[in-house]
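Peer 1: Just need the structure, nothing else, for what follows:
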Amino acid sequence: MELTSPLLDLATERCRANAGAMLNGIVHNLNNPVHALAMQTELLQNTLRKDGLDARRSTIQEKCSRLQRIGEELKAQLETLAWRDTYVSPSRQLIDSVHFGSWLLQFWQSNLLFKHCVSPALVTEPAPPHLQAIPLALTWCLEEPLKALLQFNPPQGSQDTIDLVFVLGPASDSGLMALMTATCSSAQPMVEFGEIDHAREIHELTALLGWEWEAVVKPGDLKIRLAIPG
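Peer 2: Numbers count the residues shown, from 1 in each chain. As a prediction, this is how the structure comes out:
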């Protein structure tokens, strides 16, 4: 089964809607290492212009190490961003569940979409199987509930975090079982309950795919269960 045209159009619309919000996060996060690279490079150049470089060797080495760390951070963020194109593909393909889970948590933790403080944990013991799936459908089933949680229970300050636990493991039929829980540290949720955007369409999509999907958003709390047959 492939995505039907109306569902594919709707999912594509959601991707476009997320693109604007994601752009702000991209610019914000990539500006940090870019500015740090410029600053550390300028400090290194100033150091190299001074006399007595032997006495400054340790300082120069430390500045070079900082530049290396910043470059590695920038590379990691770009790789996380690049993989999003793969994991919103509408074509069925073989997916490494562990890589998908790692990428998804890195993407959210890097604030590239939701721009909130996310403290993620990934559990993959026992090891989950690889599986044939539509990446767009898999991503959509997990992102829409989390987006609903953030819309109705936004963090109230810089100290607020979302504790996100993502458990991936084998299902009894050799398929994949995915469980996700998210808890906001905000003491007072904005509303008593929230509805997931396009929940009906997600139920329709997962039913057509033969998946089982359940998601419940409560004040400051989210629970998702997704079972994909092998």
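
Peer 1: Poorly predicted segments of this protein, please.
Peer 2: Along the chain, segments meeting pLDDT under 70 span 1-29, 31, 111-116, 153-159, 186-194.

Peer 1: Show me where it has its strands.
Peer 2: For the chain, the strands defined by DSSP state E cover 93-95, 118-123, 131-133, 162-170, 176-184, 212-218, 221-228.

Peer 1: Switch those strands over to JSON lines; also include distance to I202.
Peer 2: All C-beta atoms are positioned from the backbone trio N, CA, C, and that covers glycine. Converted to JSON lines, the strands of the chain look like this (distance: least, C-beta to C-beta, whole Å):
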{"stretch": "strand 93-95", "distance to I202": "18"}
{"stretch": "strand 118-123", "distance to I202": "21"}
{"stretch": "strand 131-133", "distance to I202": "14"}
{"stretch": "strand 162-170", "distance to I202": "18"}
{"stretch": "strand 176-184", "distance to I202": "14"}
{"stretch": "strand 212-218", "distance to I202": "6"}
{"stretch": "strand 221-228", "distance to I202": "10"}
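
Peer 1: Minimum distance to E195: which of these has it?
Peer 2: Closest approach to E195 among the strands of the chain (C-beta to C-beta): strand 212-218, 7.4 Å.

Peer 1: so what does that closest one touch, helix or strand wise?
Peer 2: Identification of packing neighbours for strand 212-218 by 3 or more C-beta pairs under 8 Å, 6 or more residues apart in numbering; DSSP states H and E yields helix 135-152, helix 199-209, strand 221-228.

Peer 1: Which of the ones you listed has the highest mean neighbour count?
Peer 2: helix 135-152 (a mean of 21; mean count of other C-beta atoms under 10 Å).
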